[in-house]
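Asker: structure here, sequence nowhere to be found:
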């Protein structure tokens, strides 16, 4: 997993709404240098890295977009926060050891859990 600082790229691809984005197989892209020391943000993105690895990237993005679309009708503007991948990453982002002990497909338990 590479951690890269690409301010213009991240701002463009996230429409300015995120501090970082994980793009499998390329790495984690941070918006600014100051985020290089943000262990919680990097851990959040590392969880996404693990999720995308176990789904070989393309399946991760297909499920992510499909789940967002379905939850858009259920949660409206909060659909993003209710995507199972985001729920898992948000729930465990403060546990900096989580990626070392994480079980495969842990995100599945968060599909129906409301945040």
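Answerer: Noted; the coordinates are in hand. In this text the structure is predicted, and so the values were computed from the model without any measurement.
Asker: how near is residue 105 to residue 112?
Answerer: 15 Å (C-beta to C-beta, to the nearest Å). C-beta here means a position set from N, CA and C on the backbone, and glycine is covered the same way.
Asker: before we move on, what about residue 58?
Answerer: 24 Å.
Asker: partners of residue 23 in the sheet?
Answerer: Per DSSP bridges, the residues bridged to residue 23 are residue 27.
Asker: need the per-residue pLDDT for it.
Answerer: On pLDDT, residue 23 comes in at 87.
Asker: burial of it, as a residue count?
Answerer: Using other C-beta atoms under 10 Å, the number of residues around residue 23 comes to 17.
Asker: just checking, it touches residue 29?
Answerer: Yes: look at residue 23 against residue 29 with C-beta atoms under 8 Å: they come within range, at 6.5 Å.
Asker: in what helix or strand does the residue nearest the centre of the chain lie?
Answerer: Residue closest to the mean C-alpha point of the chain, counted by C-alpha atoms, centre = their mean, is residue 48 at 4.1 Å. For residue 48, the element it lies in under DSSP states H and E is helix 39-54.
Asker: next, the buried residues of the next helix or strand along the chain from that helix.
Answerer: Note on helix 39-54: by DSSP H and E, the next helix or strand toward the C-terminus is helix 58-75. By 16 or more other C-beta atoms under 10 Å, the buried positions in helix 58-75 come out as 60, 63, 64, 67, 68, 71, 75.
Asker: just send these back as CSV, with pLDDT too.
Answerer: Below are those laid out as CSV (pLDDT from 0 to 100):
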residue, pLDDT
60, 96
63, 97
64, 96
67, 96
68, 96
71, 95
75, 93
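Asker: out of these, what pair is the most spread apart?
Answerer: Across the buried residues of helix 58-75, no pair lies farther apart than 60 and 75, at 20.3 Å, counting by C-beta to C-beta.
Asker: please name the nearest non-neighbouring residue to the residue nearest to the centre of the chain.
Answerer: Leaving out its chain neighbours, the residue that sits closest to residue 48 by C-beta to C-beta, 6 or more residues apart in numbering is residue 22, at 4.0 Å.
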